[in-house]
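Enquirer: A structural model of the following input is requested.
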Amino acid sequence: MISVTVAKPGQDLTAAWNDLIRRAPGNAFMNPTALKAALDTMFAMVTVLLAWEEGVESARLVGLWALQHRNVISFWPPMLEARPYNYAFLSTPVVDPAFAMEVMPAFFASISKNPKLPHVVSLKEMDADSQAYAAIQKTIADQDLAHLVLTQSRRPAVTREKGVKASGSTRKKLRQDWNRLSALGKLEMVNARNAEATRVAFEEFLVLEKRSWKGEKGTAILCSERDTEFTRRLIGDLAAEGNASVAVLRLDGRTIAAQVLLYCGTTAFTWKIAFDGEFAKYSPGVLVVDKMTEQLFAATDVQAIDSCSAQDSFMAQIWTGRKAMVDMVVDVRPKRSLVFGIEAARQYGYERLRDVRDWLRAMSVLSSKRRLAPTP
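Expert: Purely as a prediction, here's the structure:
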């Protein structure tokens, strides 16, 4: 029998969580430590659904799903966002595969019956290959729930067994860039997975990001005091338990690229990256990811790496592995509601506008290439 409790972040779930992720595919963004950081810094209104297997000597955690209570704008109807806070890049619940078909209907029912929770749920960046998503699809079909699939994509990912490009022009360019940088001084990639080293390296990352185009556009973390407070707390607390690190590429001791990593079970997540624009022609960001991947698979228990990136990101050039992703919105109550219609229309319109933007950008690039092409 499965029972679901609805809670706020903060209760001590360390033992239950560690036991769960030994049995279930991990999601670093659902780590109770990360959720507590969001609560303590008032970065997000997070609700945590906990599924317990009853009927054993003591209740065992078989599922955890954290959702963010959001209002897009002040007068807009509230919804639940399955990415529990901004800077989370995966909404997949952490569910024991043996119980997925029981847990997901129980989660939906718990939301539906709770008068304090919105009943429209936005599922952004959901792992479409996961058993949790298969259970969501079955629940939607069985209960005839209103839903709309917005986008489907294939996120770059890699495992020990497959996904790393071992040859070809990309591998050749990586070797050339590494050798060219090495000719300038002592070049090394360091990924120290301890709290103090991570804290120092994260500050280096923040500075690099602020000096990049993100700083110019005002989207770097340091451009927002609120974001800075939360992410420092997030990375610091996760690093204290060994679940965050920063891989840095250094030239004569100077950090020229930094990749922030989160860990959950045997999966690593490449959360945020920044590099020194002075060395852009050497592709330091690509190099740090490539060397980091090699080191993680050679010297740690990491079995897979999730890029947390779009399907057309630079990681697609160095990794051949892909993970199917889906964005959708669903009403967990049986009857289609006005709130669902409004939110589905908003998200659908937003995605179509992004499609138009991307098409215009592609046309602009194509037009530029044609103008630069030599006349026969």
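Enquirer: can I assume residue 121 sits in a strand?
Expert: Yes: assessed with DSSP: H, G, I helix; E, B strand; the rest coil, residue 121 lies in a strand.
Enquirer: the strands in the chain, which residues?
Expert: Counting by DSSP state E, one finds strands in the chain at the ranges 2-7, 46-53, 60-70, 79-81, 94-95, 120-127, 147-159, 187-190, 244-251, 254-264, 267-275, 304-306, 322-331.
Enquirer: contacts for stretch 317-326?
Expert: Stretch 317-326 has contacts (CB atoms under 8 Å, 6 or more residues apart in numbering) with 123, 125-129, 133, 149, 151-159, 162-165, 170, 174, 286, 289-290, 293, 306-307, 311. The C-beta positions use only the backbone N, C-alpha and C, and glycine is treated the same way.
Enquirer: next one: stretch 272-287
Expert: For stretch 272-287, contacts defined as CB under 8 Å, 6+ apart pick out 87, 173-174, 177-178, 180-181, 189, 205, 208-209, 211-212, 214, 221, 249, 251, 254-260, 288-289, 314, 317-318.
Enquirer: which among those count as buried?
Expert: Among the contacts of stretch 272-287, those buried by neighbour count (16 or more other CB atoms under 10 Å) are 87, 174, 177-178, 181, 189, 205, 208-209, 211-212, 214, 221, 249, 251, 255-260, 288-289, 317-318.
Enquirer: surely residue 90 is in contact with residue 269?
Expert: Yes: at 7.5 Å, residue 90 counts as touching residue 269 under the criterion of CB atoms under 8 Å.
Enquirer: next, the contact list for residue 135, please.
Expert: Residues in contact with residue 135 (CB under 8 Å, 6+ apart) are 95, 100, 101, 103, 104, 105.
Enquirer: ok, 6 Å please
Expert: For residue 135, the residues meeting the contact criterion (CB atoms under 6 Å, 6 or more residues apart in numbering) are 100, 101, 104.
Enquirer: count of residues packed around the closest residue to it other than its chain neighbours?
Expert: In space, and not counting its chain neighbours, residue 135 is closest to residue 104: 3.7 Å by CB to CB, 6 or more residues apart in numbering. Neighbour count for residue 104, taken as other CB atoms under 10 Å: 25.
Enquirer: per-residue pLDDT, residue 104?
Expert: We have a pLDDT of 98 for residue 104.
Enquirer: one more: the one 4 residues further on?
Expert: Reading off the confidence values, residue 108 has pLDDT 98.
Enquirer: list the contacts of it.
Expert: If you count contacts by CB under 6 Å, 6+ apart, then residue 108 has 139, 332 around it.
Enquirer: mind listing the helices for this structure?
Expert: 14-21, 32-40, 100-113, 131-143, 169-182, 195-211, 213-217, 225-240, 284-299, 315-318, 338-372 (DSSP state H).
Enquirer: which of these sits closest to residue 72?
Expert: Nearest of the helices of the chain to residue 72, taken as CB to CB: helix 338-372 at 7.2 Å.
Enquirer: which elements pack onto the closest one?
Expert: Where contact means 3 or more CB pairs under 6 Å, 6 or more residues apart in numbering; DSSP states H and E, helix 338-372 is packed against strand 120-127, strand 147-159, strand 322-331.
Enquirer: so which bits of that helix are buried?
Expert: 339, 340, 343, 344, 347.
Enquirer: which of those sits closest to residue 143?
Expert: Checking the buried residues of helix 338-372 against residue 143 with CB to CB, the nearest one is residue 340 at 13.8 Å.
Enquirer: distance check, the closest residue to that closest one other than its chain neighbours against residue 142.
Expert: Once flanking residues are discounted, residue 340 sits nearest to residue 331: 3.9 Å by CB to CB, 6+ apart. Taking CB to CB, to the nearest Å as the measure, residue 331 falls 15 Å from residue 142.
Enquirer: residue 297 now?
Expert: For residue 297, the distance to residue 142 equals 40 Å [CB to CB].
Enquirer: can you pick out the residue with more neighbours from those two?
Expert: A direct count of neighbours by other CB under 10 Å for residue 297 and residue 142 places residue 297 higher, at 19 against 9.
Enquirer: surely that one meets residue 160?
Expert: Yes: Residue 297 lies in contact with residue 160 (CB atoms under 6 Å); the separation is 5.2 Å.
Enquirer: where's the closest residue in space to residue 326 that isn't next to it in sequence relative to residue 111, distance?
Expert: Nearest non-adjacent residue to residue 326, counting by CB to CB, 6+ apart: residue 128, 4.3 Å away. Plainly put, residue 128 is 21 Å away from residue 111 if you go by CB to CB.
Enquirer: try residue 283
Expert: In this view, residue 283 and residue 111 are 45 Å apart by CB to CB.
Enquirer: ditto for residue 135
Expert: Noted for residue 135: a distance of 15 Å to residue 111, by CB to CB.
Enquirer: please name the nearest non-neighbouring residue to residue 265.
Expert: Using CB to CB, 6+ apart and skipping the chain neighbours, the partner closest in space to residue 265 is residue 26 (3.8 Å).
Enquirer: once you drop chain neighbours, what's closest to residue 117?
Expert: That would be residue 111: by CB to CB, 6+ apart, it lies 5.2 Å from residue 117.
Enquirer: my error: substitute residue 29 in the last question.
Expert: Leaving out its chain neighbours, the residue that sits closest to residue 29 by CB to CB, 6+ apart is residue 88, at 3.8 Å.
Enquirer: hang on, the earlier thing: what sits opposite the residue nearest to residue 340 in the beta ladder?
Expert: residue 120 (DSSP bridges).
Enquirer: i'd like the first residue to be 741 from this point on
Expert: OK, 741 is where the count begins now, so the last one is residue 1071.
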